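Colleague: Turn this into a model:
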Amino acid sequence: MADINNESDEPKNLTDENEQIKGSNAVKDPDEWTTGDEPMTGAQQSYLKTLSDEAGEEFDETLSKAEASKRIDELQHKTGRGLK
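Modeller: So this is what the prediction gives:
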């Protein structure tokens with residue numbers, strides 16, 4: 001999911017590794033995405049459903065791209081999945 005080439009404002013999930021370069025323009029904060037208020041992508045929905053199930057938490061299918069990205073980050077930290 002994490003891709004530091006953000007040409008199309010597609011969602012990225014900031015890992016601890018990416019947090020180090022957050023001050024650069026390589027990684028955008030989800031709140032700054034021009035498409036952040038659009039519905040989450042199919043890939044986000046699938047991964048978020050998997051993470052929600054593993055964490056034993058409710059899956060919200062109505063999240064925007066930006067909200068889904070933030071929720072994915074939260075659940076990755078809770079489950080340890082997707083983190084290095």
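Colleague: Can you pull the poorly scored residue ranges out of this protein?
Modeller: Low-confidence segments of the chain (pLDDT under 70): 1-26, 84.
Colleague: just the helices in it please.
Modeller: Secondary structure of the chain, counting by DSSP state H: helices at 16-19, 42-55, 65-79.
Colleague: And the second one, what's buried?
Modeller: Okay, so that is helix 42-55. For helix 42-55, burial by neighbour count (16 or more other CB atoms under 10 Å) applies to Gln44, Tyr47, Leu48, Thr50, Leu51, Ser52, Ala55. C-beta coordinates here come from the backbone N, C-alpha and C atoms, glycine included.
Colleague: Out of these, the closest to Ala66 would be?
Modeller: For the buried residues of helix 42-55, the residue nearest Ala66 by CB to CB is Gln44; the value is 10.2 Å.
Colleague: looking at it, that closest one is touching Leu75, isn't it?
Modeller: No. The criterion here is CB atoms under 8 Å, and Gln44 misses it with Leu75 at 11.6 Å.
Colleague: Grab the nearest non-local neighbour of Asp31.
Modeller: Using CB to CB, 6 or more residues apart in numbering and skipping the chain neighbours, the partner closest in space to Asp31 is Ala66 (6.2 Å).
Colleague: The one you found against Trp33, yeah?
Modeller: Yes. With contact defined as CB under 8 Å, Ala66 reaches Trp33; the gap is 5.6 Å.
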